[in-house]
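Novice: Generate a structure from the sequence data that follows.
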Amino acid sequence: MSGGAQTGARNGAGRLLRGGRVAARVLLVWVLVAAALRLLDVWLSGFSMADWWQPTVCALLFGVLSGVVWPLILRVALPIAVFTLGIGSFLLLGAGVLAISFAVPGVVIADFETAVVVAVAVSALGALGSSLLALDEDELFFRRAARRRARRGTGGDAEMPPGVLFLQVDGLGMDTVRRAVRDGDMPTFARWLADGSHRLTDWHTDWSSQTGASVCGILHGDNSDILGFRWYEKDRDHVMACSHPEDAAEIERRHSDGGGLLSVDGAGHGNLFTGDAEHVSLTMSALPLLAGAARRRRGSDGVGAGYYAYFANPANTLRTLAGALVDVVREISASTRQRRAGVLPRVNRGGFYPFARSATTVIVRDVVVSAIIEDMLAGRAVVYADFLGYDEVAHHSGVERFDALAVLRAIDQQIGRLHRATQLAPRRYHIVALSDHGQTQGWAFTHRFGESVEALVGRLCGAPQPEPRRGVNSDARRPAEGWQVGAALAAASTGSGPIARRLRARVERTGSEADRPRTVSGAPGAVTRVAPGVVVVASGHVAMVSFTEHEGRVGLETIEREFPDLLPSLVDHPGVGFLLVRSAEFGPVVLGRDGVHRLATGRVIGEDPLDGYGPHAADLVRRVDEFDHCPDIMINSRYDPVTGDASPFEPHVGSHGGMGGPQSRGFLIHPAELPAPGEIVGAEALHRVLRGWLTHLGHPEPAVGVSATRGVAVDDVAHRSQVP
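Specialist: Numbering: from 1, shown residues only. Just a heads-up that it's a prediction; the model follows:
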């Protein structure tokens with residue numbers, strides 16, 4: 001057991017409940033439920049209990065229903081609970097309450113709706129009784145389940161190497177985790193670091209600092225040709241999106257060799273990809289396999305196994321739904337406070353977003369934690385789970401604003417809960433916490449400059465522009481000082497920077513514009529064109545431009561000939577940091593406002609456009625240039641190292657996906673007894689570190705071959721509107 005776990009044991013956290021406290025809980029809940037039934041008899045017109053003894057008997061029968069009969073029923077009816085996020089369980093309990101009313105003479109329940117109200121009220125009191133005694137439902141679950149495992153003859157601690165929980169806090173950068181530890185927002189992490197049980201280090205992401213590239217690299221050891229959270233593939237006229245189930249499955253098919261990080265007795269929860277785990281839940285790439293896998297496997301590892309421990313207790317459902325409603329109120333309050341205080345930058349947080357946020361920060365989080373506990377109980381060797389809540393809130397609120405830090409505190413609390421639960425598992429477990437990337441804060445490109453990057457490229461490529469309209473959406477309005485923005489854009493259009501002037505001079509030397517061939521077909525395709533033959537896809541701090549009238553990679557010289565104003569205007573735009581293009585003469589070239597970096601030779605003319613983007617920027621950009629689906633122009637947003645600000649091409653406050661600032665630095669907290677990882681550059685390198693730790697602990701090497709996802713036991717439901 002890790003040093004942190006030993007500390008927890010010394011503090012008494014996570015101890016098994018003893019018989020006296022269990023008996024006290026049962027008695028207290030029985031009394032509370034009986035009293036509640038008497039009150040419901042008074043308040044509900046459709047509920048009647050004439051005699052004094054009936055509430056006591058009904059409370060006893062409801063306890064038997066919840067503790068004995070209900071888990072058996074749920075084995076058959078579990079899909080109802082799973083696919084309704086637990087709400088269906090109360091409908092089933094309502095039917096059980098109706099059955100109790102028929103069994104007890106003199107008890108009258110007028111209709112099914114009344115029975116459901118009674119079931120919800122009684123379940124709420126069960127949760128209240130546990131809280132009054134400060135009991136952890138996980139401990140009760142472990143006591144019952146450990147007995148089951150003992151009867152099955154599960155192997156002991158000495159027979160197995162320590163298991164590992166890889167807990168990913170999505171989007172949490174190194175700088176922010178340091179602040180959270182220092183300021184008390186992550187007390188579990190702070191305790192681990194203070195007592196020396198764990199070490200904190202950072203790792204440098206790929207150019208594509210987003211969940212798709214990072215998690216695929218971490219879990220499968222390969223993230224080549226993943227250009228963003230979404231990108232365009234010219235040969236298929238298709239935009240790949242990591243959050244689309246079919247695309248996620250295709251990405252995994254391309255990168256999995258069957259020997260992923262979780263391929264040997266592993267489990268994954270809340271991830272984009274399976275890591276070749278046999279047991280997964282809330283996993284995007286596994287969704288297309290859900291129906292087939294569910295039909296093939298109906299046993300203990302079939303559909304719903306990861307949810308059983310959670311939905312078997314209706315009080316858990318009630319607690320989670322109540323927490324979700326509280327989070328909705330918290331989000332509305334935080335958004336209102338931002339607007340009233342005039343906080344900038346900020347984005348629209350209305351509409352459906354408060355409910356989407358609560359689904360991520362509360363509902364999915366609770367289900368994932370329960371699934372991890374089930375994995376530990378089963379003694380699975382390695383588990384990888386993603387806590388997405390902080391990333392989601394930081395996108396809309398800000399990287400280190402109060403409501404984002406509140407989500408961090410809640411995630412830290414759940415990690416502490418899992419840490420306590422490791423002491424009750426049939427094998428020892430180590431906990432490794434990490435992030436897939438960080439976030440860089442800034443005023444969204446569209447809001448700052450009055451037009452999206454798609455509209456900008458379309459305009460520069462000659463697309464007809466709509467007439468200006470009054471009364472446009474507030475998100476698209478320019479601020480009062482918009483004339484200054486207009487002046488900056490006007491200056492950009494004249495090519496005031498040295499690189500823009502040289503690009504324009506190159507174009508002018510080739511002849512008059514009337515003699516230059518242009519792409520004219522503008523044939524409609526499956527993907528929207530911002531101008532005839534031009535596709536732009538934005539993904540956080542990168543934007544990708546592809547010219548569909550040409551096969552393969554379009555060179556700088558062709559772009560200059562067909563769209564002479566495009567490259568000069570882009571390099572001079574105040575929101576653009578640098579561009580990657582391919583030159584027939586010089587190979588891959590990085591263009592900035594004040595300089596050029598020729599990647600093939602390393603020669604820099606003027607100021608290096610990659611200065612300020614990290615020591616590994618040139619190597620990371622060079623790697624992307626070699627990808628099969630590298631776009632014709634790759635745009636990275638401009639990062640200001642003085643303010644730490646960059647403008648993402650999507651309407652976010654905190655964002656990532658490119659290079660510049662904290663978005664490129666993830667964190668890694670690992671047990672001190674594991675070998676020091678050294679410098680880690682890229683998600684594939686991080687995969688090798690994690691795989692090396694498993695080998696160090698005695699885990700067998702995976703058998704590389706056919707992807708394990710073809711036979712995965714899927715415990716999945718439709719998952720999150722995920723943002724990177």
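Novice: can I have stretch 168-180 written out in PDB, keeping just the CAs?
Specialist: Coordinates of each C-alpha in stretch 168-180 appear next as PDB, following Å, rounded to 0.1, in the frame of the first residue of the first chain:
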ATOM      1  CA  GLN A 168      -7.200  12.100 -15.000                       C
ATOM      2  CA  VAL A 169      -8.300  15.600 -14.000                       C
ATOM      3  CA  ASP A 170      -9.100  16.800 -17.400                       C
ATOM      4  CA  GLY A 171      -7.600  20.200 -18.400                       C
ATOM      5  CA  LEU A 172      -5.800  20.900 -15.100                       C
ATOM      6  CA  GLY A 173      -2.500  22.500 -15.900                       C
ATOM      7  CA  MET A 174       0.700  22.400 -13.800                       C
ATOM      8  CA  ASP A 175       0.400  26.100 -12.700                       C
ATOM      9  CA  THR A 176      -3.200  25.700 -11.600                       C
ATOM     10  CA  VAL A 177      -2.600  22.500  -9.700                       C
ATOM     11  CA  ARG A 178       0.300  24.200  -7.800                       C
ATOM     12  CA  ARG A 179      -2.000  27.100  -6.800                       C
ATOM     13  CA  ALA A 180      -4.700  24.700  -5.800                       C
END
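Novice: List the buried residues for that stretch?
Specialist: The neighbour-count check on stretch 168-180 (16 or more other Cβ atoms under 10 Å) flags Gln168, Val169, Asp170, Gly171, Leu172, Gly173, Met174, Asp175, Thr176, Val177, Arg179, Ala180 as buried. To be clear about C-beta, it is placed using only N, CA and C from the backbone, and glycine gets the same treatment.
Novice: I'd like the residues you listed as TSV, with pLDDT, distance to Ile373 and secondary structure appended.
Specialist: Conversion of the buried residues of stretch 168-180 to TSV gives the following (pLDDT from 0 to 100; distance: Cβ to Cβ, whole Å; DSSP: H, G, I helix; E, B strand; the rest coil):
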residue	pLDDT	distance to Ile373	secondary structure
Gln168	98	17	strand
Val169	98	18	strand
Asp170	96	20	coil
Gly171	96	24	coil
Leu172	97	22	coil
Gly173	97	28	strand
Met174	97	29	helix
Asp175	96	31	helix
Thr176	97	27	helix
Val177	97	24	helix
Arg179	96	30	helix
Ala180	97	24	helix
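Novice: Distance to Tyr232 added to the residues you listed, as a markdown table?
Specialist: As requested, the buried residues of stretch 168-180 are exported to a markdown table (distance: Cβ to Cβ, whole Å):
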| residue | distance to Tyr232 |
| --- | --- |
| Gln168 | 28 |
| Val169 | 30 |
| Asp170 | 25 |
| Gly171 | 24 |
| Leu172 | 29 |
| Gly173 | 28 |
| Met174 | 31 |
| Asp175 | 32 |
| Thr176 | 32 |
| Val177 | 34 |
| Arg179 | 37 |
| Ala180 | 37 |
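Novice: Widest-spaced pair of these?
Specialist: The span of the buried residues of stretch 168-180, defined through Cβ to Cβ, is set by Gln168 and Arg179 at 19.1 Å.
Novice: Please enumerate the strands of the stretch 401-550 of the chain.
Specialist: Assigned by DSSP state E, counting those that start in this stretch, the strands in the stretch 401-550 of the chain fall at 429-434, 440-441, 534-539, 542-547.
Novice: Mind listing the strands the first one pairs with, and their directions?
Specialist: Paired with strand 429-434 in the same sheet, following DSSP bridges, are strand 163-169 (parallel), strand 665-671 (antiparallel).
Novice: Looking at those strands, spot the one closest to Cys242.
Specialist: For the strands paired with strand 429-434, the distance to Cys242 is smallest for strand 163-169, at 14.8 Å, taking Cβ to Cβ.
Novice: how about TSV for the strands paired with strand 429-434, with distance to Val689 added?
Specialist: Listed next are these as TSV, based on distance: least, Cβ to Cβ, whole Å:
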stretch	distance to Val689
strand 163-169	11
strand 665-671	8
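Novice: For Arg337, find the nearest of the ones you listed.
Specialist: Evaluated over those, closeness to Arg337 peaks at strand 163-169, with 24.6 Å, by Cβ to Cβ.
Novice: How far away from the center of its chain is that closest one?
Specialist: 14 Å (Cα atoms, centre = their mean, to the nearest Å).
Novice: And that strand, what's buried?
Specialist: Judged by neighbour count using 16+ other Cβ under 10 Å, the buried positions of strand 163-169 are Gly163, Val164, Leu165, Phe166, Leu167, Gln168, Val169.
Novice: list the contacts for the fifth one?
Specialist: Residues in contact with Leu167, defined by Cβ atoms under 8 Å, 6 or more residues apart in numbering, are Ala385, Phe387, Ile415, Leu418, Ile431, Val432, Ala433, Leu434.
Novice: again with the last one
Specialist: The contact partners of Val169, by Cβ under 8 Å, 6+ apart, come to Val177, Phe387, Tyr390, Leu408, Ile411, Ala433, Leu434, Ser435.
Novice: Give me the contact list for stretch 45-59.
Specialist: The contact list for stretch 45-59, computed with Cβ under 8 Å, 6+ apart, reads 30, 33-35, 37-38, 40-41, 100-101, 104, 106-111, 113-114, 118, 122.
Novice: and Gln413, how far is that from Glu562?
Specialist: 56 Å (Cβ to Cβ, to the nearest Å).
Novice: what about the helices in the stretch 551-700 of the chain?
Specialist: Assignment of helices within the stretch 551-700 of the chain using DSSP state H, counting those that start in this stretch yields the ranges 556-562, 566-572, 617-625, 683-696.
Novice: just checking, Thr689 touches Pro677?
Specialist: Just so we're on the same page, residue 689 is Val rather than Thr. Yes. If you go by Cβ atoms under 8 Å, Val689 and Pro677 touch, sitting 4.5 Å apart.
Novice: nearest residue to the residue most central in space within the chain other than its sequence neighbours?
Specialist: When the chain is reduced to its mean C-alpha position, the nearest residue by Cα atoms, centre = their mean turns out to be Leu388, at 3.5 Å. Excluding the flanking residues, the one nearest Leu388 by Cβ to Cβ, 6 or more residues apart in numbering is Asp170, at 4.6 Å.
Novice: Next up, the contacts around that neighbour.
Specialist: For Asp170, the set of contacting residues under the criterion of Cβ under 8 Å, 6+ apart consists of Thr211, Asp386, Phe387, Leu388, Gly389, Tyr390, Asp391, Glu392, Ser435, Asp436.
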